[in-house]
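>>> what shape does this take:
(one chain, ligands or ions: 1)
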Amino acid sequence: MSDFITEPARQIPVIAEADLCVVGGSCTGVFAAIRAARLGLRVILIERQNSLGGVAVSGLVNIWHTLNDTDDREQIISGLTEETLDRLKARKAAYLENRKNGSYNFNPSELAILLDEMAAENKIRLMLHTYYSAVVSSGSEVQTIIVENSDGRGAIRARFFIDATGDGFIARDLGLPSYANDYLQPPTACFHLQGNMSGVDLRRLVLEHGEEFGLDDDWGWSTDVAGCKGITMRADQHVFGVRCDRADDLTRAELEGRRLMRAFVAMLQKYGRDDTSYALTNICSSIGLRETVHFKTRFCASELPLLTGERYEAPILNGTYPCDIHHSSGGGISFKYLDGRESTIYGKGTRSVGGNWRERMGLTGEPAKYYQVPFDILVGDRMRNFIAVGRVLNADMTAYGALRVMVNLNQIGEAAGTAAALCVDENADLRELDGRRVTKTLRDGGSAL
Ligand SMILES: Cc1cc2nc3c(=O)[nH]c(=O)nc-3n(C[C@H](O)[C@H](O)[C@H](O)COP(=O)(O)OP(=O)(O)OC[C@H]3O[C@@H](n4cnc5c(N)ncnc54)[C@H](O)[C@@H]3O)c2cc1C
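Here you go, the predicted model:
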């Protein structure tokens with residue numbers, strides 16, 4: 001018996017047509033869609049889940065990092081990130097931590113609702129519970145994608161396509177050149193915990209009682225949830241030993257992620273504060289993936305130019321978030337900052353090793369106050385009307401550790417939507433587009449580039 005079947009040919013109705021079709025509704029995809037819509041395109045946005053927001057909503061990851069340079073003086077990120085934060089702040093659903101280069105903490109449920117509103121205001125046709133499943137292309141042109149939803153299978157025609165699925169599913173189906181690092185940063189299943197954690201020494205609890213609950217001494221973090229008293233967002237344990245670019249591993253990761261949440265809460269219920277009853281109030285609807293696959297483009301971001309703040313003619317992103325790499329089991333988490341500081345933390349702070357990469361390299365002079373990424377990171381060699389964005393970005397492991405955070409990916413999304421609008425307007429080939437025009441259009445639309 002053959003290991004394959006041949007799917008019978010069938011006619012598929014064209015259910016929608018647009019100038020731009022964006023697949024994937026995290027802020028990367030939504031911001032691409034909004035930028036393009038504001039530049040006059042008719043835009044369709046496809047999302048397989050019930051809401052927009054991606055990892056920030058379905059994964060409960062509710063931190064956007066600083067919009068300022070490392071001195072905390074010059075604002076280097078604005079655009080739709082700032083607009084969204086301002087609107088969240090106005091509904092008491094986001095605040096800036098009161099410290100140098102503080103992060104923005106937001107309420108993910110409020111972000112989901114705000115993104116609905118922003119999509120509607122910008123006249124974006126939204127298709128939720130709709131799953132991208134195949135692509136039809138001819139030569140260098142993507143012509144149609146095929147989606148599945150409760151109406152069945154349907155085709156969507158567009159003049160330009162942006163793959164914001166995070167995993168580059170369209171890019172994969174187009175056979176675009178890709179690579180996966182030997183070692184992928186592990187995922188984490190986040191959850192909301194109700195209960196007073198002040199004075200709870202988690203490191204001691206895990207070292208003394210972790211084994212009883214099947215919990216390792218693993219680095220993790222937690223934060224408040226804007227506007228929600230008594231609730232913390234917990235990201236305490238990684239799921240190790242899985243490659244979430246593989247379907248079976250992804251299932252295992254979800255199951256293990258939920259087991260770890262339950263184990264963590266059980267440990268607190270037994271050994272946490274006596275005056276507190278701990279409860280899970282919300283669990284991520286999708287495990288948070290840090291890394292899967294990357295797609296090759298004309299520019300690959302790499303460690304040294306990033307950390308030394310190389311400047312480009314056509315920047316599309318400014319950032320300061322440090323290189324932040326989560327290693328496999330036992331390897332801890334490593335940070336490399338623009339000012340030279342570096343550290344690796346093992347377990348819940350059980351051991352840490354520090355250093356200074358600038359001194360090690362003999363670099364003198366002022367460290368960079370922020371880094372940039374140029375337009376060419378969006379452009380592949382094969383397709384004229386297609387861009388893949390999000391965590392698929394082309395970067396070495398260290399540069400990826402810095403670029404993968406949302407204030408950076410949001411800007412990449414905005415740049416992709418802008419490039420799409422310029423191409424559609426002029427019936428131009430992405431590969432021939434002058435990146436400086438993308439930068440200028442982004443600036444004109446409010447980006448601090
Ligand atoms: C635990 C954890 C903590 C993190 N902490 C931070 C932090 O504090 N701050 C920060 O800025 N970043 C943080 N990051 C990184 C950041 O959250 C992610 O890198 C980023 O959100 C990825 O964005 P994305 O747009 O590439 O993908 P996603 O957010 O995954 O968005 C992809 C979207 O595409 C949709 N999609 C996928 N396939 C299909 C399909 N076939 N059809 C239709 N739709 C589809 C998905 O449902 C999803 O909505 C963290 C990541 C993790 C996992």
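
>>> CA only for contacts and neighbour counts going forward, please
Noted.

>>> neighbouring strands - and their directions - for the longest strand anywhere in the chain?
When the chain is parsed with DSSP state E, its longest strand is strand 152-163. Note on strand 152-163: by DSSP bridges, its sheet partners are strand 14-23 (parallel), strand 141-149 (antiparallel), strand 386-388 (parallel).

>>> just give me the neighbour total for residue 185.
25 (other C-alpha atoms under 10 Å).

>>> residue 326 is in contact with that one, correct?
Yes. Judged on C-alpha atoms under 8 Å, residue 185 makes contact with residue 326 at a distance of 5.4 Å.

>>> quick revisit: so which bits of the helix or strand just after the longest strand of the chain are buried?
Downstream of strand 152-163, the first helix or strand assigned by DSSP states H and E is helix 169-173. Neighbour-count burial for helix 169-173, counted by 16 or more other C-alpha atoms under 10 Å, picks out 169-172.

>>> could you measure from residue 395 over to the ligand?
13 Å (C-alpha to the nearest ligand atom, to the nearest Å).

>>> thinking again about what came up before, let's have the buried residues of helix 169-173 in JSON lines, adding distance to the ligand and pLDDT.
Listed next are the buried residues of helix 169-173 as JSON lines, based on distance: C-alpha to the nearest ligand atom, whole Å; pLDDT from 0 to 100:
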{"residue": "169", "distance to the ligand": "6", "pLDDT": "98"}
{"residue": "170", "distance to the ligand": "8", "pLDDT": "98"}
{"residue": "171", "distance to the ligand": "11", "pLDDT": "98"}
{"residue": "172", "distance to the ligand": "11", "pLDDT": "98"}
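
>>> that older thread, will you turn the strands paired with strand 152-163 into CSV that also has distance to residue 206, mean pLDDT and mean neighbour count?
Below are the strands paired with strand 152-163 laid out as CSV (distance: least, C-alpha to C-alpha, whole Å; pLDDT from 0 to 100; neighbours: other C-alpha atoms under 10 Å):
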stretch, distance to residue 206, mean pLDDT, mean neighbour count
strand 14-23, 41, 98, 21
strand 141-149, 44, 98, 19
strand 386-388, 40, 98, 29
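
>>> dump the ones you listed to a markdown table, plus distance to the ligand.
Listed next are the strands paired with strand 152-163 as a markdown table, based on distance: least, C-alpha to the nearest ligand atom, whole Å:
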| stretch | distance to the ligand |
| --- | --- |
| strand 14-23 | 5 |
| strand 141-149 | 8 |
| strand 386-388 | 10 |
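
>>> among these, which comes closest to residue 264?
Taking C-alpha to C-alpha, strand 14-23 is the member of those nearest to residue 264, at 35.1 Å.

>>> after the closest one comes which helix or strand?
Stepping forward along the backbone from strand 14-23, the first helix or strand reached (DSSP H and E) is helix 27-38.

>>> next secondary structure after that next one?
Counting by DSSP H and E, what follows helix 27-38 is strand 43-46.

>>> that next one pairs with which strands?
Applying DSSP bridges to the sheet, strand 43-46 is found paired with strand 14-23 (parallel), strand 125-127 (parallel).

>>> what is the mean pLDDT for that strand?
Per-residue pLDDT over strand 43-46 has a mean of 98.

>>> contacts for it next, please.
Here strand 43-46 makes contact (C-alpha atoms under 8 Å, 6 or more residues apart in numbering) with 18-25, 29-30, 33, 36-37, 123-128, 130-132.

>>> for the longest strand of the chain, which residues meet the burial criterion?
Buried-residue list, strand 152-163, by 16+ other C-alpha under 10 Å: 153-163.

>>> now distance to residue 89 and pLDDT too, for the residues you listed, in a markdown table please.
Output for these, formatted as a markdown table (distance: C-alpha to C-alpha, whole Å; pLDDT from 0 to 100):
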| residue | distance to residue 89 | pLDDT |
| --- | --- | --- |
| 153 | 40 | 97 |
| 154 | 39 | 98 |
| 155 | 39 | 98 |
| 156 | 36 | 98 |
| 157 | 37 | 98 |
| 158 | 35 | 98 |
| 159 | 36 | 98 |
| 160 | 34 | 99 |
| 161 | 32 | 99 |
| 162 | 29 | 99 |
| 163 | 30 | 99 |
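
>>> who in the chain is up against the ligand?
Residues of the chain lying close to the ligand by C-alpha under 6 Å from any ligand atom are 23-26, 28, 46-49, 53-56, 61, 63-64, 130-133, 164-166, 187-188, 288-290, 390-391, 404-407.

>>> quick check on those residues: which are buried?
Buried members of the residues of the chain next to the ligand, scored by 16+ other C-alpha under 10 Å, are 23-26, 28, 46-49, 53-56, 61, 63-64, 130-132, 164-166, 187-188, 288-290, 390-391, 404-407.

>>> okay, now the nearest residue to residue 39 once chain neighbours are set aside: neighbour count?
Excluding the flanking residues, the one nearest residue 39 by C-alpha to C-alpha, 6 or more residues apart in numbering is residue 421, at 6.3 Å. Residue 421 has 28 neighbours, counted by other C-alpha under 10 Å.

>>> kindly report the same for the one 4 residues further on.
Other residues within reach of residue 425, judged by other C-alpha under 10 Å, total 13.

>>> and the one 4 residues further on, by the same measure?
Each residue near residue 429 was counted by other C-alpha under 10 Å, and the total is 17.

>>> give the contact list for the residue lying closest to it once chain neighbours are set aside.
Once flanking residues are discounted, residue 429 sits nearest to residue 384: 4.7 Å by C-alpha to C-alpha, 6+ apart. The contact partners of residue 384, by C-alpha under 8 Å, 6+ apart, come to 140-141, 428-431.

>>> between the buried residues of helix 169-173, which is nearest residue 270?
The closest of the buried residues of helix 169-173, once distances to residue 270 are taken by C-alpha to C-alpha, is residue 169, at 43.4 Å.

>>> excluding chain neighbours, what is closest to that closest one?
Here the residue nearest residue 169, using C-alpha to C-alpha, 6+ apart, is residue 163, at 7.4 Å.

>>> quick one: pLDDT of residue 181?
82.

>>> looking at this, it is in a helix?
No. Using DSSP: H, G, I helix; E, B strand; the rest coil, the secondary structure at residue 181 is coil, not a helix.

>>> give me the phi and psi angles of it.
phi -60, psi 150 (degrees, to the nearest 10).

>>> what's it in contact with, if anything?
293, 397.

>>> and residue 339, how far is that from residue 188?
Going from residue 339 to residue 188 by C-alpha to C-alpha, to the nearest Å gives 28 Å.
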